[in-house]
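# Mind looking at a prediction? Sequence and model below.
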Amino acid sequence: MEEEVVVPFRAAKEHVEPVGRVRSTLIGASIQALRRRGHEPEYGALLPNHVRRPLFDAVPGTWLPIGLAIAHYEAVERLDLAPSQRLELASEVAQQVQGSLVLTLGRGGAGPTPWTVLAQAQRLWDRLLDGGAIGVTKVNTKEARIEALGLPLARIPYVRLALRGFVSASCEPFAKRVHVTELSKLCSDRALGYRVVWA
């Protein structure tokens, strides 16, 4: 089967503007998930003093500068969490932040599949990130390749794992099994790539 572009990049790769702001809803959901697991004190202690109040006092639904998001995810990265705990955390945040939208997308038409959600990847991205771009390519009937560009957070290992969890949580309602793996050749300090396969 010949590959097919499902979601094209909004601009040529070399012209994609980097993410400059992140929705506070995303960071707030992440802090709440840490709080539910008892990690808030340690997380707070890992934050630089000048970002602690802006992160904890952020108003839901507003945009935060990328610097605050970097500080947040660097602190989460320094927490002593096992990979399974990190994925669980990411999946919980994904369900909280975009769960209702994903399920709404799935109600349209007969027999929704992961393609139903993947086709809306840029829309989902734009709800949470201001700038950057995401592309989705159909490799096979039940296999996709996702590329995210212009993401300064990509250098943080937790973010790479978290985005894997986001993709998996978004597709799982529409498949029996979903497997997401990182494509290292597509990853850099500002880009991420994933292979998504489902049954």
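Happy to help now that I have it. Keep in mind the model is a prediction, meaning the values are calculated, not measured.
# Now E172: closest residue in space, sequence neighbours ignored.
V178 (5.2 Å; CB to CB, 6 or more residues apart in numbering). The C-beta positions use only the backbone N, C-alpha and C, and glycine is treated the same way.
# The one you found and P114 touch, don't they?
Yes - counting by CB atoms under 8 Å, V178 touches P114, with 6.9 Å between them.
# which neighbours do these two share?
Listed as contacting both V178 and P114 by CB atoms under 8 Å, 6 or more residues apart in numbering are C171, V196, W198.
# Distance of P48 relative to I134?
29 Å (CB to CB, to the nearest Å).
# Do a quick rundown of the strands in the protein.
According to DSSP state E, the chain carries its strands in the segments 4-7, 21-23, 63-65, 129-130, 133-140, 143-149, 178-182, 191-198.
# Reformat those as TSV; add mean neighbour count, distance to V167 and mean pLDDT.
Formatted as TSV, these follow (neighbours: other CB atoms under 10 Å; distance: least, CB to CB, whole Å; pLDDT from 0 to 100):
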stretch	mean neighbour count	distance to V167	mean pLDDT
strand 4-7	15	13	98
strand 21-23	21	18	97
strand 63-65	17	23	98
strand 129-130	20	14	97
strand 133-140	19	10	98
strand 143-149	22	6	98
strand 178-182	16	5	97
strand 191-198	19	6	98
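# Which positions are bridged to the residue nearest to V7 when sequence neighbours are not counted in the beta structure?
Once flanking residues are discounted, V7 sits nearest to V136: 3.9 Å by CB to CB, 6+ apart. In this entry, V136 is beta-bridged to V7, I146, by DSSP bridges.
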